[in-house]
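Peer 1: quick one: sequence plus predicted model below, questions after.
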Amino acid sequence: MQRTDPIYDQRTTPAARRARRFPGLLFLALALLLLVMLTLLPPLVSVSRFQRRIATSISQSLGRPVHLDSVNLTLLPLPGFTFTNFVVDEDPAFGSEPIIRAMSVHATLRISSLWRKRIEFSTISFTDPSVNLVHLSNGQWNLESILLHAAHIEAAPTAQKNAGPTPRFPYIEATGARLNLKLDHEKTPYSLTDAKFALWLPDPQEWHLRLEAHPARTDTSVSDTGTVQLEGTLGRAASFGQVPLSLQGEWRDAPLGESSRLLFGKDVGLRGKLALSVNIQGIFSKSAVRTRLRLIDARRSDFVPDQPLNVDLECLTTATGNFHAFEDVRCTWPPSSSSSAPILALSGDIPDIRTLDSATLAASTPGIPATTLLDWLRVASARVPDGITATGTLTASFARHPGATSQWSGDLLLAGAGLVNPKAGRATLVVSDIAIESEDDASLPPPGSKKTRLPRGKSTPPTPTGGFLLNPTDLALGGKEPATLSGNFDEHGYTLHLTGMASTARLLGLGAAIPQFGDGLAAALPTNRAAGPFRVDLTATRSWHGTQTWTDNIAHPATLHPHRPKPR
């Protein structure tokens, strides 16, 4: 009997409910079937016949021959192609090794471009590519022709939604990339690893690039070298030298120990942090470059001083010849915009970035308080005792002349010099200015100038050797008359000559106040004399990074040491 309950409806019967669920189940089955086909169909579809056409198309875009081992079709998550063993050949003028090599490259299709019977890629993704950046001795870079070739190809912005008369430039990205630097045909140990790179066209006349990587060196063990970031724009131009560029770069979070190992191939024994920023504006043939180098809490690796050294150096220069040379380099510490007193100024030119020996350099300081010098000495050495005080102001000026017999010249003056070690008495140990000048300049004083004061009993001027002379300096070492310290410095080391009257306490007090001066001094002092004052004639010799040796010339007359000042 059929039910007459008004609530009852035939549409609620099991058969009706099954019929109503059927369209949903059918849609789900079709979706699953489509998903299976999208997963299984691409390997069964051969696109190898398009391989040559795709390689030719990419080659025409780059202006370099391109090779592919295989091309595979992918439909998920978006239709595209995967290229294996992607290789871009190098211009023979720059070598035989490929400029780009990637085991896998995936290109995603723009579906909307198919309606215009044209293939456009929305993204091109490189996985673990290796890129060689080559710089020739004539100043040319291997990327010049690729950038110039791309500048002559019309393209629409990457983010343009609708297809137009010109193809849209793809978003090019790379992960796990390695950038190697080659000079001529020789690969240097420097590279950027684990790099992330992106390039796109925000405007028809301008590319935008972004790079993040870690500096590396292949001929030594280097780790934790910080991060290099670069971002900016490149424009279109008729020639490479006229390409506009605006770039901002940064090297941050770099420990000084690993940074020195990266730059010099060894740990130079420094600790702290390094931060470097660069701003470049102009064109490739001539750009304004501003850099800022900061050393944060710099110190030696073997001890921690009370006040580590902080350096903030800003440099301005003009890069010419496609970054092959740098003109009018001007550096200041601290930056000129700082309210702090100036410490150091550098200037010069680098005619060839690959040959730093060709660079000219001038360095000067307008006046550094002796207390600051003492603070720096405490950063350099843990042996400087507490309570030492210094007075005076340092001014200096030095210049480097490449190709000259004497490459360095200049002078240094610590005016009003004074040094007190309370353990050796309250009186100052230094009672005259301290002056250092290049030996060539000292041997030929300007007309009308006052001649350099020579040690007592000496009158013969020195023979120039390309080093620097420490002019005779008066020291209050306990005698009625000041003792005299003179010396010379060159590329091999230095020699110091101390003569006059001195007491043991004052002499050792000076050695304690300046530990480098005092190395080996106690062993050279005579033991058969009273505490003093007594006459001394001592010579100290030391090669750079070597051991200092003191000789008592009264007790042990010896032949002149190569680094000892010649009789004057």
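Peer 2: That came through fine.
Peer 1: ok, now which ones touch the residue lying closest to Pro167 once chain neighbours are set aside?
Peer 2: Among residues not flanking Pro167 along the chain, Glu120 sits closest, at 5.1 Å (CB to CB, 6 or more residues apart in numbering). Heads up, the C-betas are built off the backbone N, CA and C, glycines and all. For Glu120, the contacting residues are 109-110, 113, 163, 167-168, 170, by CB atoms under 8 Å, 6 or more residues apart in numbering.
Peer 1: which ones among the residues you listed lie within helices?
Peer 2: Residues of the contacts of Glu120 located in helices (DSSP state H): none.
Peer 1: what subset of those residues is buried?
Peer 2: 109-110, 113, 163, 167-168, 170 (16 or more other CB atoms under 10 Å).
Peer 1: of those, which belong to strands?
Peer 2: Leu109 (DSSP state E).
Peer 1: list just the nearest of the buried ones among the contacts of Glu120 to Trp544.
Peer 2: Checking these against Trp544 by CB to CB gives Pro170 as the nearest, at 56.1 Å.
Peer 1: does that closest one touch Ser122 like I think?
Peer 2: Yes. The pair Pro170 / Ser122 is scored as a contact, 6.2 Å apart, by CB atoms under 8 Å.
Peer 1: by pLDDT, give me the weakest of the contacts of Glu120.
Peer 2: Looking at those by pLDDT, the weakest one is Ser113, with 63.
Peer 1: in the buried ones among the contacts of Glu120, find the pair that's most separated.
Peer 2: Distance extremes for those: the farthest pair is Ala163 and Pro170 at 13.2 Å, using CB to CB.
Peer 1: report the beta-bridge partners for the closest residue to Leu209 other than its chain neighbours.
Peer 2: Spatial nearest neighbour of Leu209, excluding adjacent residues (CB to CB, 6+ apart): Leu199 at 4.9 Å. Taking DSSP bridges as the rule, Leu199 bridges to Ile172, Leu209.
Peer 1: state the distance from Leu199 to Thr158.
Peer 2: The spacing between Leu199 and Thr158, counted by CB to CB, to the nearest Å, is 9 Å.
Peer 1: now do the shared contacts for these two.
Peer 2: Tyr171.
Peer 1: quick one, helices of the stretch 151-300 of the chain?
Peer 2: With DSSP state H, counting those that start in this stretch as the criterion, the stretch 151-300 of the chain has helices at 256-264.
Peer 1: and the strands in the stretch 401-550 of the chain?
Peer 2: For the stretch 401-550 of the chain, the strands defined by DSSP state E, counting those that start in this stretch cover 408-420, 434-438, 468-475, 483-489, 493-502, 534-543, 549-552.
Peer 1: including mean pLDDT, mean neighbour count and distance to Gly235, could those go into a markdown table?
Peer 2: Below are the strands of the stretch 401-550 of the chain laid out as a markdown table (pLDDT from 0 to 100; neighbours: other CB atoms under 10 Å; distance: least, CB to CB, whole Å):
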| stretch | mean pLDDT | mean neighbour count | distance to Gly235 |
| --- | --- | --- | --- |
| strand 408-420 | 95 | 18 | 43 |
| strand 434-438 | 95 | 20 | 48 |
| strand 468-475 | 96 | 22 | 50 |
| strand 483-489 | 96 | 22 | 51 |
| strand 493-502 | 95 | 21 | 53 |
| strand 534-543 | 94 | 19 | 54 |
| strand 549-552 | 94 | 17 | 63 |
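Peer 1: of all those, which one is nearest Val304?
Peer 2: Here strand 408-420 is closest among those (CB to CB), at 25.0 Å.
Peer 1: quick one: contacts of stretch 329-349?
Peer 2: 292, 311-317, 325-328, 350, 359-366, 368, 372, 400.
Peer 1: follow-up on the earlier one: can you count the residues close to the residue nearest to Leu209?
Peer 2: Number of residues near Leu199 (other CB atoms under 10 Å) recorded here: 19.
Peer 1: so what pLDDT did it get?
Peer 2: So, for Leu199, pLDDT stands at 93.
Peer 1: who's in contact with it?
Peer 2: Leu199 sits next to 171-173, 207-210 when contact means CB under 8 Å, 6+ apart.
Peer 1: show me the protein divided up by domain.
Peer 2: The record's domain split for the chain, according to automatic domain parsing, is 45-219, 239-358, 362-445+452-568.
Peer 1: tabulate these (TSV), appending distance to Thr225.
Peer 2: TSV is the format used below for the domains of the chain (distance: least, CB to CB, whole Å):
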stretch	distance to Thr225
domain 45-219	5
domain 239-358	5
domain 362-445+452-568	24
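Peer 1: list just the one of those domains that sits closest to Glu231.
Peer 2: The nearest among those, by CB to CB, is domain 45-219 at 4.8 Å.
Peer 1: quick one: contacts of stretch 244-254?
Peer 2: Here stretch 244-254 makes contact (CB under 8 Å, 6+ apart) with 215, 225-235, 237, 273-284, 287.
Peer 1: filter those residues to the buried ones?
Peer 2: By 16+ other CB under 10 Å, those give 215, 225-226, 228, 230, 232, 234, 237, 273-280, 282-284, 287 as buried.
Peer 1: now the strand or helix carrying Val87 - C-alpha only, PDB.
Peer 2: In this assignment (DSSP states H and E), Val87 forms part of strand 80-88. This file holds the C-alpha atoms of strand 80-88, laid out as PDB (Å, rounded to 0.1, in the frame of the first residue of the first chain):
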ATOM      1  CA  GLY A  80      55.400  23.000 -20.000                       C
ATOM      2  CA  PHE A  81      58.700  21.300 -21.100                       C
ATOM      3  CA  THR A  82      61.600  19.900 -19.200                       C
ATOM      4  CA  PHE A  83      65.000  20.000 -20.800                       C
ATOM      5  CA  THR A  84      67.900  17.700 -19.700                       C
ATOM      6  CA  ASN A  85      71.600  18.600 -20.000                       C
ATOM      7  CA  PHE A  86      71.000  22.100 -21.200                       C
ATOM      8  CA  VAL A  87      74.200  23.600 -22.500                       C
ATOM      9  CA  VAL A  88      75.000  27.100 -23.900                       C
END
